[in-house]
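**Student:** Fold the following and give me the result.
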Amino acid sequence: MRQADRMPNLTARRSTPLTLSDMQERLQNLTNAVLAGKMVEARQSTYAALARGCTTNEVLDAVVEAVNILVDLHEVGEYDQTRLSISENAVNASLQAIEDRLSKAEGRLNLKVTVGPVGLKAGNILALVIAATLRSIGFRAVCLSKTQTALDLLRNSEESGADLVIPLLGTSDVEGQLRSFMEEIERGGFKSKFGVIHVAPGLSDGFQTSLMVAKNSSEAISKATEWALRRRSSQRTN
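**Tutor:** Numbering: from 1, shown residues only. Here you go, the predicted model:
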């Protein structure tokens, strides 16, 4: 009788739906694991979040949140390169856990995008997670993780057959970096070859430019999605 009496309670526990706070806790665990550079915990937290109903994009948002913090800390000298590399291993562990999902999603838009740092010291790890997020949306995304000049990124993107390029600019002299891109785009005739969305943190609101600019990675991803939809709409019209 005692076992039978307990059975309804066990069944009730199993059927109780997870609350929003349950999923948020799993995602926060993932963010914390990446910040701490704990590779095993990052992988386990990713699987746990997915098992509890979190979407691929929610997992990526948690990783991006951690990476944005890492980049900011590195820029002010609180995270050295060694510690950043440890956290990058944790990022890779999380991304490997969702690789099958990313592989199934990418290519839906039939558009290729390259992401690479130009002047951003910790840009390689940020480029990695932005590329993964773009893959989840449907882009074929390539991470050009090595920090390079504006011309190098444009040329490498051209060689890769990119439709869209997302340069990640550093926080110092953002306006000067944008002017350099504008010169290289016009001089090399790149404007007719692909679109460019520059991630330019700290750019003043008063700066006037004809370039597409995003102030952070989230805005860049949103603009990339809008750009892709406009392009598809234009192709259908033509």
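
**Student:** among the helices and strands of the chain, which has the poorest mean pLDDT?
**Tutor:** When each helix and strand of the chain is scored by mean pLDDT, DSSP states H and E, helix 2-15 comes last, with a mean of 38.

**Student:** how near is the spatially most central residue of the chain to Val118?
**Tutor:** By CA atoms, centre = their mean, the mean C-alpha position of the chain lies nearest to Ile130, the distance being 2.0 Å. Separation of Ile130 from Val118 (CB to CB, to the nearest Å): 14 Å. Any C-beta I mention is one placed from the backbone N, CA and C, and that applies to glycine too.

**Student:** Quick check: neighbours shared by the two?
**Tutor:** Counting by CB atoms under 8 Å, 6 or more residues apart in numbering, the contacts common to Ile130 and Val118 are Leu168.

**Student:** tell me the domain ranges of the protein?
**Tutor:** For the chain, automatic domain parsing gives the domain ranges 19-105, 106-238.

**Student:** can I get the ones you listed in a markdown table with mean pLDDT?
**Tutor:** Listed next are these as a markdown table, based on pLDDT from 0 to 100:
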| stretch | mean pLDDT |
| --- | --- |
| domain 19-105 | 92 |
| domain 106-238 | 91 |
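
**Student:** ranges for the strands of this structure?
**Tutor:** For the chain, the strands defined by DSSP state E occupy 112-118, 140-143, 164-169, 195-199, 212-214.

**Student:** Do I have it right that the residue nearest to the centre of the chain meets Asn216?
**Tutor:** No - between Ile130 and Asn216 there is no contact, the gap being 10.4 Å when judged by CB atoms under 8 Å.

**Student:** and the closest residue to Leu144 other than its chain neighbours, how many residues sit next to it?
**Tutor:** Using CB to CB, 6 or more residues apart in numbering and skipping residues adjacent in sequence, the residue nearest Leu144 is Gly116, 3.4 Å away. When neighbours are counted by other CB atoms under 10 Å, Gly116 registers 26.

**Student:** For Gly116, give me its contacts.
**Tutor:** 123, 127, 143-148, 153, 156-157, 165-168.

**Student:** ok so, going back, distance check, the residue nearest to the centre of the chain against Phe139.
**Tutor:** Applying CB to CB, the value for Ile130 to Phe139 is 10 Å.

**Student:** And for Val199?
**Tutor:** Plainly put, Val199 is 15 Å away from Phe139 if you go by CB to CB.

**Student:** quick revisit: closest to Val63 out of the strands of the chain?
**Tutor:** strand 140-143 (13.8 Å; CB to CB).

**Student:** contact partners of the closest one?
**Tutor:** Contacting residues not belonging to strand 140-143 are listed as 106-107, 110-116, 124, 127-128, 130-132, 134-135, 160, 162 [CB under 8 Å, 6+ apart].

**Student:** Let's see that with 7 Å instead.
**Tutor:** 106-107, 111-115, 127-128, 131, 134-135, 160 (CB atoms under 7 Å, 6 or more residues apart in numbering).
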